[in-house]
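J.: sequence and predicted structure, then a few things I'm wondering about:
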Amino acid sequence: MNGHAHATDGTPIAYQVRGDGCPLLLLAGQANNHTWWDPIRADFHGTHATITMDWRGTGDSGRPRSAYSTPGFADDAIAVLDALGVESADVYGTSMGGRVAQWIAINHPGRVRRLVLGCTSPGGPRAHERTKAVRRTLALPDAAARREALEDMMYSPRWRAAHPGPRTTMGDPTMPPHASRGHLAASDGHDARDALHRVAAPTLILHGSDDVMTPAANAPLLAELIPDARFHVFPGARHAYFEECRPHASDLVADFITI
């Protein structure tokens, strides 16, 4: 089932529902749409109906020029749950989606049954952010070189050699420049550190050990900030651990959300 919710500012937010069972909201990374989850969403359909959404600025959602922020994206996600009549869901967010998931759990605690945060950061001045060298690489003027660098940050060389693609985590090519800038500003401006003690949902944190997009040192930091959270790091994995470490990563999530 596909449809549209409407955000508080009227922006249409596209959503997609697959499978049957308890609701599981899946939140994609920066500058990506719902296809980010295509390789693994079926892993959860034995017990859950998966709900994905296109961030504003991507996919079939509206593309306003107003300010973008992770709390704002969280409100968009709540609009999707409201449109579907979902009172409470398990929430699994990766990368920027993990930043957004933090605000859903902080500002809407009754809407989150269990929380999974993948390859993400609490933000703020004490978080472990990507280096200037990584930022320069991601800003390479040559599109082919930039894509090659991004793919290398997402997946280990060994996995890439065995899995030639296509990839669904390389960004939404239809995004207008203002939306791309808005997503970057939202991720860079995220800072939930001082509010994470308010997360009430049981929380699982997952990360790849070799992630340079969002360094793995953020996993224990998040676990320290969120009450009773636990974390797991996948040796040798990079940013897209959820795909490279399948089925182990999906099994950990599935076990956690079916308790």
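T.: Perfect, thanks for sending it.
J.: who's in contact with the residue lying closest to Arg111 once chain neighbours are set aside?
T.: Nearest residue to Arg111, sequence neighbours excluded (CB to CB, 6 or more residues apart in numbering): Ser88, at 5.7 Å. C-beta: built from backbone N, CA, C; applies to glycine. When the contact criterion is CB atoms under 8 Å, 6 or more residues apart in numbering, the partners of Ser88 are Pro23, Gly110, Arg111, Val112, Arg113.
J.: ok, which pair from the residues you listed is furthest apart?
T.: Pairwise distances across these (CB to CB) peak at 13.9 Å, for the pair Pro23 and Gly110.
J.: ok, those two, which is more surrounded?
T.: Pro23 (20 against 9; other CB atoms under 10 Å).
J.: determine the longest helix present in this protein.
T.: helix 70-84 (DSSP state H).
J.: show me the contact partners of that one.
T.: Contacting residues not belonging to helix 70-84 are listed as 3-8, 11, 13, 15, 17, 23, 25, 27, 51, 53, 55-56, 87, 89, 96, 99-104, 107-108, 111, 123, 186-187, 189-190, 192 [CB under 8 Å, 6+ apart].
J.: any chance you could map the helices in the chain?
T.: Using DSSP H, helices in the chain cover 70-84, 96-107, 132-138, 143-154, 157-162, 177-188, 218-225, 241-244, 248-257.
J.: what residues of the longest one count as buried?
T.: By neighbour count, and taking 16 or more other CB atoms under 10 Å as the criterion, the buried residues in helix 70-84 are 70-81, 84.
J.: need these in TSV (columns: pLDDT and distance to Leu117).
T.: Shown next, in TSV, are the buried residues of helix 70-84 (pLDDT from 0 to 100; distance: CB to CB, whole Å):
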residue	pLDDT	distance to Leu117
Thr70	98	13
Pro71	98	16
Gly72	98	19
Phe73	98	15
Ala74	98	13
Asp75	98	19
Asp76	98	18
Ala77	98	14
Ile78	98	18
Ala79	98	21
Val80	98	19
Leu81	98	18
Leu84	98	22
